[in-house]
Structures are given as C-alpha cells and as structure tokens.
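**Student:** Provide a 3D model corresponding to the input given below.
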Amino acid sequence: MASVAQPGVAAGSAEYEEVLGCISSLITQKVRADTGNRGNQWELMAKYLQILELEEPIARLKVVHVAGTKGKGSTCTFAESILRSCGFRTGLFTSPHLMDVRERFRLNGLDISEEKFIRYFWWCWNKLKDKTGGDIPMPAYFRFLALLAFKIFSDEQVDVAVLEVGLGGKYDATNVVKAPVVCGISSLGYDHMEILERSFSIYSSQPEEAMSVLKHRASELGVPLQVVQPLDPQQLDDQPLGLHGEHQYMNAGLAVALVNTWLQRQGHFNILHKKHSVTLPDQFIEGLSSACLQGRAQIVPDPEVLSKDSSSLIFYLDGAHSPESMEICAKWFSCVTRKDEQQPGPLDQLHIGTNSRKILLFNCMSVRDPQRLLPCLLATCAQNGLQFDHALFVPNQSQYNKLGSHASPPSERVQIDLSWQLSLQRVWEGLLHSNKGLNGSNSSTASSVFESLPLAIKWLRETAQQNQSTSYQVLVTGSLHLVGDVLRLLKE
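**Tutor:** Here you go, the predicted structure:
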C-alpha cells in the first residue's frame, strides 16, 4: 500500500518574491546544446568560483555525486536519507523543483529556510553583480543555483553534500567538484558520460552500448568501477521503500552502494553494510523507508472534497516525461490503484471500492513527443488491466521560465492558446481508435480539453461530489511543471 503524502507550503514574503524575480531574470529559453549564452560557457565557472571565494570551500566538501538519464534524483534522495539516519549533517542539491525553488537546497532533510535562502542569495548575487559585466556575464540559471548550493553547504558545514547532476555532460555546473568521494551513475544516456573523473565510481546495470563507453572512459581515467544490482527486498526486514515502484529497488541498491563507499572512504567502518549480512543496518533501513520525493509516485487525496463529504477524489502524481519513465509510471498507477481497491490500508477512509473511475490529467512540454509518451502510457496500462474512463488535457498553470508570483498565469482577459492541448487530444483519440480492434472497450474513453488547470480541478471536484458512490482516481503525469501546479492548487 502506498503512503499518503501531503504537499508542502511555499514561502511568499515581499523580499522573497524580489529574490525570485532576480533568479527568474537568469532563465533563458536556450536548449541544452546551444552555446550562444555566454553565462552558460564552462570556462566562466572558474571565474565565478573565484569571485565567490569558493575554490577552497568546494575542495573541502565530502561529495556524493550522482548522474544518470533517469533515477538520479531518487538515488540522491535515498542516499541523503541513509546518511542522515546515520547521524551525519547532510546537504542535498537536486533539480527541478515543483513548487518552490528552495526545494532544490535541503539541509538535514528539510528545505532551506526562507530566511537563510534570502541571506545566502544576496551574498552571492551582490558579489557577482559587482564583478560581472562585459566579457563576464552573470551566470545562467542552473549555474547560479549550483554556485548558491556550494555556498550554502560550505557555510552550513555539512558533513556530506549529495549533488544531483543537472543538465548533464562534461560541462555540467556540478562538475566543478574536482574530487568527489564517490560518483554514482543511474540509468545512463550519453549526456551524462563525462561525470567520470578521478574518483571511485559506482553504477547500476546499463545497456551494452553504454556499458562499453563507460568501461572505456574509466580505463582512460584510471577510475575503479563497481556495478550494483537492485536491492533485495529481504534486506529491508519487511519495511517498504519510502519511494514507491519496483524500479526504486534499483535506485535503492545504487544508493546503498554509494553510502557504503562514502562511509568506507571516510573511515566510518562501524556502520558499514556487511556484504554477507541478510539485512541492512538499522540506519540504512530507516533511511530507505523514510525517504520522500515529491512528484514521483506520490498520492494526494483532494483536501477540499475530503472535508466536505464522503466522496473520493485522489490524485496520483508522477512527473514522468520520457517513454521509459512513462512506462514505469503506468505500471505504478495500475498496481497501486488495484491494491487500493482490493486491500485495506491507510486510504480506507477515502471510500475506495470497486466502483471507481480512472482519469488521466495530462500535459507535456512542446519539446516532448506525445507520439512516444502517450502510446507507452496507454499500452502499459492496458497490459496491466487498466483503462482510463476520461482523459483531460490542460495547459500548465505556471510559466516554466518564471518563479514565484512572477510565474502566475495570464489574466483571464488574455486569449489562451490551446493548440498544443488539442494536438495532444488528437494523438490520444487516434491511439484509442487504432486500438479499437484489440480492445473495443477503450473506444468509449472520453476526452476533454480545459482552458486552464483550475477549471479542470473544479470539474473533477464537482463530478466527485455529484457521484459520492464512485471514487475518482486521477493520474497526473507528462510534466513535472504540471505536477507542481496541481500540488500548488491542492495546497490552496
């Protein structure tokens, strides 16, 4: 049975909004491979570190550095949680955030406070503003956030800093760490090959072609490599992982190996996991079972519907946005909704029964290909005996290149362009039509385009309240921006 998570609370003081406006000014719409933005040029990072006096503080950080095309955020979350359970003061830097940029900077498992964030921000911002201009522009968005993370973690004197690679590749901002204690590589694409430096590296099983490149690169650098397998559930002593889904056992296995290596290289032999032990140390089990990551396999009952009557409206949120992650998301949703209907557990009070309706709430960025995402979702759900009763296509509520109140949607007077959502709907209906011969019941699935996310949520709430004998299980997926917007609306 999956646990029920509640969305966090975003900050909003006037000074904090000013800070978010400054950060928003660094966001560009350049694609990853575009080198036209000088603030993104790697050679400038050394200058930024010099301006911020961070060369020596970074060298002193005891870093766990994790790359990968998918699974790296979960791996970092597991690793940080284990290390914190072992008694270490932790810093965790991940991306993206869902509701508040402070989610990217965690100290001892909590988002950095608004007060501390503002203080560290102005220190970095003012120094960079004073020393940049002309040939040295301000750093671009992710580079600035990485620099800010290094400042925070060094001044807060964390025992260990867990860093998730951002954009990937040799020139990722997190690669200014020249000697991490250990590097981890989750499921890999070629954009993350260059994280290999002269330190101990651990990676999960990879496709043969990627593995060949890894071994060649490791041989060039003289880097020792270790391949890990998925964690055996028996090692958890009947405790569930804090992050749900079968795929998380692979990420957990990588996290355990990373922590074990970090502990060994730092001389903490008293809490190492012994290879021949049937179960993990208690601190490892506690860390793995208490790990939490918003927007990935997260279940949130709608608080408004729950407070009014006995109707049931539950959101299942997963920010999957690649074909591979969409398949994993579909398996998770199919499995967890089936369990929620059949087995007693913490969602009993929400009146989930056999009379349930499955709703899809979907959007994806225009750089994604719905012709690859939606077929994965639909086919995997069908293979697991699940079909959607209704599909809703909506625009995101916030603007991806703005933060805070600066990300507010356009006013109601502005005509909203729904051409992308209409194209998503056409792809969906085309898939249903083509599958009609294989599964005739799919052809009855309805679909709608809403001009805003709040209107879609309003419709779902009204529908649930009008049909109290039916539980509504809503899968929100396709974009982490959409997931963050839904969490924000549910909080309100």
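**Student:** per-domain residue ranges of this protein.
**Tutor:** 15-290, 298-491 (automatic domain parsing).
**Student:** what's the first-to-last distance across the longest one?
**Tutor:** Across domain 15-290, the straight-line distance between its terminal residues is 33 Å, by CA to CA, to the nearest Å.
**Student:** what would the domains of the chain look like in a markdown table with mean neighbour count and mean pLDDT?
**Tutor:** C-beta coordinates here come from the backbone N, C-alpha and C atoms, glycine included. As requested, the domains of the chain are exported to a markdown table (neighbours: other CB atoms under 10 Å; pLDDT from 0 to 100):
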| stretch | mean neighbour count | mean pLDDT |
| --- | --- | --- |
| domain 15-290 | 19 | 89 |
| domain 298-491 | 18 | 85 |
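**Student:** C-terminal to the helix ranked longest in the chain, which secondary structure element comes first?
**Tutor:** Longest helix in the chain by number of residues, with DSSP state H as the criterion: helix 323-342. Downstream of helix 323-342, the first helix or strand assigned by DSSP states H and E is strand 356-362.
**Student:** got the angle between that next one and helix 323-342?
**Tutor:** In terms of direction (axes from the mean of the first three to the mean of the last three CA atoms, to 10 degrees), strand 356-362 departs from helix 323-342 by 160 degrees.
**Student:** for strand 356-362, packing partners?
**Tutor:** Strand 356-362 is packed against helix 323-342, strand 390-393, helix 453-466, strand 471-477, helix 480-491, with contacts defined by 3 or more CB pairs under 8 Å, 6 or more residues apart in numbering; DSSP states H and E.
**Student:** between the ones you listed, which one is nearest to Asn175?
**Tutor:** Closest to Asn175 of the helices and strands packed on strand 356-362, according to CB to CB: helix 480-491, at 23.2 Å.
**Student:** can you tell me how far the residue nearest the centre of the chain sits from Arg104?
**Tutor:** By CA atoms, centre = their mean, the chain has its centre lying nearest to Gly73, at 5.7 Å. Going from Gly73 to Arg104 by CB to CB, to the nearest Å gives 11 Å.
**Student:** got any residues that touch both of those two?
**Tutor:** Residues touching both Gly73 and Arg104 by CB atoms under 8 Å, 6 or more residues apart in numbering: 94-95.
**Student:** Where do the strands of the chain begin and end?
**Tutor:** Assigned by DSSP state E, the strands in the chain fall at 63-67, 90-93, 105-107, 110-111, 160-164, 182-185, 200-204, 225-228, 298-301, 312-317, 356-362, 390-393, 446-449, 471-477.
**Student:** Throw those into TSV and include distance to Val176, thanks.
**Tutor:** Below are the strands of the chain laid out as TSV (distance: least, CB to CB, whole Å):
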stretch	distance to Val176
strand 63-67	11
strand 90-93	12
strand 105-107	17
strand 110-111	23
strand 160-164	10
strand 182-185	14
strand 200-204	18
strand 225-228	23
strand 298-301	32
strand 312-317	33
strand 356-362	37
strand 390-393	41
strand 446-449	44
strand 471-477	34
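**Student:** Ile152 is nearest to which of these?
**Tutor:** Using CB to CB, the strands of the chain put strand 105-107 closest to Ile152, at 5.6 Å.
**Student:** Relative to that closest one, what are the paired strands and their orientations?
**Tutor:** Paired with strand 105-107 in the same sheet, following DSSP bridges, are strand 90-93 (antiparallel), strand 110-111 (antiparallel).
**Student:** chain center to that strand, what's the gap?
**Tutor:** Remark: strand 105-107 is offset 15 Å from the chain centroid, using CA atoms, centre = their mean, to the nearest Å.
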